[in-house]
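Trainee: Curious how this folds, go ahead:
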Amino acid sequence: MDETIILLHAKLRNFETEARRVLAGHETSHDRVITLQKTQSLLLGLTLTQEEVFSESIECVKRGLYRPAIVMAWAAFMDFLEEELIANKLSELHAAYPKWCKITSAQDLREEEKDSNIIEVAAKLKFLQRDERKVLQGHLAKRNESAHPSQYRPGLNEALGYVDELLKRVGSIKNRLST
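Mentor: Next up, the predicted model:
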């Protein structure tokens with residue numbers, strides 16, 4: 001009897017996995033979130049806060065809350081960017097921008113500067129590549145449109161793409177930092 005139940009559970013899990021794989025190919029399927037979760041699981045080394053906020057973003061996508069998903073993904077990405085910029089470029093930041101010498105932590109950076117300024121400075125310090133700067137400014141505009149009253153109504157595909165893109169940017173930056 002126990003073997004039969006175990007076998008039945010195994011078959012059910014296999015069926016569910018296969019069904020999700022098939023459904024994930026359909027444009028409007030909420031099962032497409034599974035592929036995003038796989039991407040997230042590959043990004044080890046995030047802080048607990050970053051991991052939690054990216055996870056909340058994915059949960060928003062699952063629940064059809066696409067504007068909050070975009071806002072949360074941006075918050076997680078900016079936390080990553082601010083932490084890494086301070087950890088890797090603080091002395092260069094102070095040398096290039098003397099007015100920013102009072103900034104000694106990611107928290108200071110967050111409180112004192114706008115996201116757009118942080119992106120520009122990160123690019124000027126060669127922390128971000130030129131094309132990344134342009135893409136991130138576009139993502140910031142989309143975040144702002146999502147965070148404030150507007151006619152903007154992203155769908156599943158747009159929200160998934162946004163979150164996935166930011167997760168991949170984190171991975172790309174982490175890879176560059178490790179080389």
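Trainee: Following the chain past the worst-scoring helix or strand of the chain on mean pLDDT, name the next helix or strand.
Mentor: Lowest on mean pLDDT, DSSP states H and E among the helices and strands of the chain sits helix 33-41, with a mean of 59. Counting by DSSP states H and E, the next helix or strand C-terminal to helix 33-41 is helix 48-62.
Trainee: avg pLDDT for that next one?
Mentor: The average pLDDT within helix 48-62 is 91.
Trainee: Quick one: distance of whichever helix or strand comes after that helix to the chain centre.
Mentor: Later in the chain than helix 48-62, the nearest helix or strand by DSSP H and E is helix 66-96. Here helix 66-96 shows a centroid-to-chain-centroid distance of 11 Å under the convention CA atoms, centre = their mean, to the nearest Å.
Trainee: From the contact counts, what lies against helix 66-96?
Mentor: Secondary-structure packing of helix 66-96 (3 or more CB pairs under 8 Å, 6 or more residues apart in numbering; DSSP states H and E): helix 48-62, helix 106-112, helix 115-124, helix 130-147, helix 156-178. (Each C-beta comes from the backbone N, C-alpha and C, glycine too.)
Trainee: what comes up buried for the last one?
Mentor: What that stands for is helix 156-178. 156, 158-160, 162-164, 166-167, 169-170, 173 (16 or more other CB atoms under 10 Å).
Trainee: contacting residues for Leu85?
Mentor: If a contact means CB atoms under 8 Å, 6 or more residues apart in numbering, then Leu85 has 93, 106, 109, 118, 121-122, 125, 127 as its contacts.
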